[in-house]
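Asks: Coordinates for the following, if possible.
(one chain, ligands or ions: 1)
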Amino acid sequence: MKFMKRIFLLLFILFVSVESYAFEYGYTNNGFKYVKHKHSESSYQHAWAKLHNGIEEYENKDMTRVDCLTKTHAVEFDFANKWAESIGQCLHYQRMTGKRGMVVLILENPQKEMVYYNRVRELGKIYNFDVEYITPQILNIKNGKCPYKDCKCNQKKIYYKK
Ligand SMILES: [Zn+2]
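Replies: Now for the predicted structure:
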């Protein structure tokens, strides 16, 4: 039994390390690992909502907020590393609004991250929600900065002493 457990653990570690290959990581002062993003999720949301005449941060009866509500869809935005959460939220928004759910997955590195989009797209076919992806192209980036003031790319960096 112990042997089997070890094998499982090894397989699990291997799986996790292969999975995490697609993302760039940072570490907080107290050692937590997180995925680094150049632009905030909200910037992608602003850009997409404008293109689709969507209402951002639409509030449901249960106080949860839909990232973007269009005539036809309740839309959830997430970075590719949060592909699994995006599905849960999308399905909840679909139920709350009566509109068709949609996941818009943000692929900062489309070549490496397409696998996550494909995963969500296949589940969308089974569970009846729509899926599309966007890339940093939608942000209209100039000199590394997007036009959204609330984006992290337009805020001063805080440096911590080590
Ligand atoms: Zn930005």
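Asks: E85: neighbouring residues, count only.
Replies: 13 (other Cβ atoms under 10 Å). Any C-beta I mention is one placed from the backbone N, CA and C, and that applies to glycine too.
Asks: so how far is the ion from it?
Replies: 22 Å (Cβ to the ion, to the nearest Å).
Asks: can you pull the contacts of that residue?
Replies: E85 sits next to D78 when contact means Cβ atoms under 8 Å, 6 or more residues apart in numbering.
Asks: Let me see the domain layout of this protein.
Replies: 2-34, 38-152 (automatic domain parsing).
Asks: highest average neighbour count across those domains?
Replies: Stretch with highest mean neighbour count among these: domain 38-152 (a mean of 17; mean count of other Cβ atoms under 10 Å).
Asks: what about it, average pLDDT?
Replies: Averaging pLDDT along domain 38-152 gives 97.
Asks: Without its sequence neighbours, what residue ends up closest to Q94?
Replies: Spatially, and ignoring its direct neighbours in sequence, Q94 is nearest to G101 (3.3 Å; Cβ to Cβ, 6 or more residues apart in numbering).
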